[in-house]
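J.: missing the sequence, but the structure's below:
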Ligand SMILES: Cc1cc2nc3c(=O)[nH]c(=O)nc-3n(C[C@H](O)[C@H](O)[C@H](O)COP(=O)(O)OP(=O)(O)OC[C@H]3O[C@@H](n4cnc5c(N)ncnc54)[C@H](O)[C@@H]3O)c2cc1C
């Protein structure tokens, strides 16, 4: 170990919270290393419902602090990344016998007025006898409410935070597990294990951040040696993806008889995303997978509303994630707080550890600021809050500028099919032109893997976004996997395997 192996801060976990903290910290002048044992966003951060939302339902649990902070973040995040975050309108049909109309109206009034809404349109009432939103639904609703939230490509939000952190000087190491962290003298000695080579390497740090998401307790127990740690409640949530069920660009917010709610959201042009479930989870969060009972629950809940039932055979893809909710002793899974809790660990003269419990994609930036406040109290002040006005890579254009970006890319590369141009701008924003470079035809983009995935894009992801496997590319950096055959997915994996040493370049 030499002097170069000392960092002000080592972050465990490359989910949204770890990457958000690393970005904020390096931008203030701290030296930062982030270690992620698998791929960026391979944990909970790619398995969310993908909403930047206040959380209308949390109002029922009186989580006003969280809802207000989250509502205010909607427009902040949208401006930081208008390529991967955009407004969405939600239709909430009023269902006789479930929550009364006055309660929905009150909740939505609060939602509109609790804070931060400047650009997003307000709630309105829909006449379901005439509104096109009623078209795919059973003819049993006379009224619905339509309100605003935002959509986010969750996995890309993580990758872009990591990219920006690296551009500012952070070391981002994926496929790198923190296997041990011990206080030795006035610093942490941390063992990193490279998942590709199996080699281990030691570094030292002034401060350690445990942002291991659903592995936060396991990391405390097995990596830091705090055997009795038990702070989070693991709650599994699953989604199903079906072929598009409706043409309307709005999403649906359906109430279920068990008082839960599910969303049906337009997804990746040709699909509808339906979720989520909510039940206590035990075991390795990396192995969470949808159960048959969850598939049945989601199909039945959606079929209560859609004229055309959602059947098991309609399901083309599923995913499951595990919420690491702070264990506040609440009885039902859906009642545990969705708010985040930061807990500092370490005595007067000991190097400190900050544990992150809970959190949402929506509040990751505010969580990072709160962590930085603690860090600066411990290590000394280095900078100011800066992330609210700093666009993420590719997001340096106006919130109303998406169509302009699409037009510009189409003009510079007329051979690209318009749907492909839109998808590239959605993924990469102002960087999309860099990916297609000087290509004059589809042949110039290199090998075609299926859907609209070409070698030019895959190579970009390998060189700039730590993509290592077919799964990283097909299911996290892009969702091309939804439109590819098994054979095409294997070819993509083989291509990435063949160029493995090349991947060590990312960083
Ligand atoms: C079903 C579901 C729906 C949701 N919907 C929404 C939503 O619509 N909007 C919203 O705002 N939020 C939503 N959330 C919440 C949100 O997804 C999570 O709060 C957030 O992703 C947690 O991020 P994280 O960084 O803490 O954890 P993770 O994303 O799980 O990241 C932790 C990382 O740490 C790594 N790791 C663990 N141990 C080690 C180690 N020893 N060494 C190195 N790396 C390690 C893991 O591999 C993992 O990648 C949802 C959650 C679920 C489950």
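T.: Sure thing, it's come through. Treat the numbers as computed from the prediction; the structure is a model and nothing was measured.
J.: Neighbours of the residue nearest to residue 118 when sequence neighbours are not counted, how many?
T.: Counting by Cβ to Cβ, 6 or more residues apart in numbering, residue 118 lies nearest to residue 75, which is 6.1 Å off, once chain neighbours are set aside. In this view, the C-beta of every residue, glycine as well, is placed from N, C-alpha and C. Other residues near residue 75 come to 19 when the count uses other Cβ atoms under 10 Å.
J.: Would you check how far apart residue 229 and residue 79 are?
T.: As judged by Cβ to Cβ, to the nearest Å, residue 229 and residue 79 stand 38 Å apart.
J.: wait, residue 136
T.: Distance from residue 136 to residue 79, by Cβ to Cβ: 32 Å.
J.: now residue 30
T.: 25 Å.
J.: who's more crowded, the two?
T.: For residue 30 versus residue 79, neighbours defined as other Cβ under 10 Å are more numerous around residue 30 (23 against 16).
J.: can you list the residues of the chain near the ligand?
T.: 12-18, 35-38, 42-45, 47-51, 53, 177-178, 211-215, 219, 223, 237, 276, 321-323, 359-362 (Cβ under 6 Å from any ligand atom).
J.: Sort out for me which of those residues are in strands.
T.: 12, 35, 51, 177, 178, 237, 321, 322, 323 (DSSP state E).
J.: The second one bridge partners, please.
T.: Using DSSP bridges, the beta-bridge partners of residue 35 come out as residue 12, residue 173.
J.: tell me, how many neighbours does it end up with?
T.: Look at residue 35: counted by other Cβ under 10 Å, it has 24 neighbours.
J.: Is it correct that it is in contact with residue 179?
T.: No - the pair residue 35 / residue 179 is not scored as a contact, 9.8 Å apart, by Cβ atoms under 8 Å.
J.: and for those two, which residues touch both?
T.: Taking Cβ atoms under 8 Å, 6 or more residues apart in numbering as the criterion, residue 35 and residue 179 both touch residue 192.
J.: from the ones in strands among the residues of the chain next to the ligand, which single one is nearest the ligand?
T.: Nearest to the ligand, judged by Cβ to the nearest ligand atom, of these is residue 237 at 2.4 Å.
J.: what's the closest non-adjacent residue to that closest one?
T.: Take residue 237 and drop its neighbours on the chain: the residue closest to it by Cβ to Cβ, 6+ apart is residue 276, 4.0 Å away.
J.: Also residue 44?
T.: Of all residues not flanking residue 44 in the chain, residue 321 sits nearest, at 4.4 Å (Cβ to Cβ, 6+ apart).
J.: Got phi/psi on the residue nearest the centre of the chain?
T.: The centroid of the chain falls nearest to residue 154 when counting by Cα atoms, centre = their mean (2.7 Å). Main-chain dihedrals, residue 154, degrees, to the nearest 10: phi -60, psi -50.
J.: doesn't residue 44 make contact with it?
T.: No - at 9.1 Å, residue 154 and residue 44 do not qualify as touching, with contact defined as Cβ under 8 Å.
J.: re earlier: looking at the ones in strands among the residues of the chain next to the ligand, which has the most residues close by?
T.: Greatest neighbour count in these, by other Cβ under 10 Å, goes to residue 12: 30 neighbours.
J.: Could you pull up phi and psi at the residue lying farthest from the centre of the chain?
T.: Distance from the centre of the chain peaks at residue 185, with 37.0 Å (Cα atoms, centre = their mean). Backbone torsions of residue 185, given as degrees, to the nearest 10, read phi 60, psi -140.
J.: Can we start the residue count at 440 from this point?
T.: Got it, the first residue is 440 from now on, which makes the last one we talked about residue 624.
J.: mind listing what's buried in the strand or helix carrying residue 548?
T.: Following DSSP states H and E, the helix or strand that holds residue 548 is helix 540-552. Within helix 540-552, the residues scored as buried using 16 or more other Cβ atoms under 10 Å are 543, 546, 547, 549, 550, 551.
J.: List the contacts of it.
T.: The contact list for helix 540-552, computed with Cβ under 8 Å, 6+ apart, reads 493, 495, 498-499, 506, 510, 531, 533, 561-562, 582, 584, 586.
J.: Next SSE downstream of that helix?
T.: strand 563-566.
J.: partners of that next one in the sheet?
T.: Counting by DSSP bridges, strand 563-566 is paired with strand 582-591 (antiparallel).
J.: Run the chain-centre distance for the strand it pairs with.
T.: 19 Å (Cα atoms, centre = their mean, to the nearest Å).
J.: Going by neighbour count, list what's buried in stretch 690-697.
T.: Along stretch 690-697, these residues count as buried under the neighbour rule (16+ other Cβ under 10 Å): 690, 691, 692, 693, 694, 695.
J.: thinking again about what came up before, contacting residues around the residue nearest to residue 483?
T.: The neighbourhood of residue 760, defined by Cβ under 8 Å, 6+ apart, consists of 482, 483, 485, 486, 487, 675, 676, 677, 727.
J.: my read: residue 855 touches residue 845, true?
T.: No - the criterion here is Cβ under 8 Å, and residue 855 misses it with residue 845 at 10.1 Å.
J.: Which strand or helix spans residue 621?
T.: strand 615-623.
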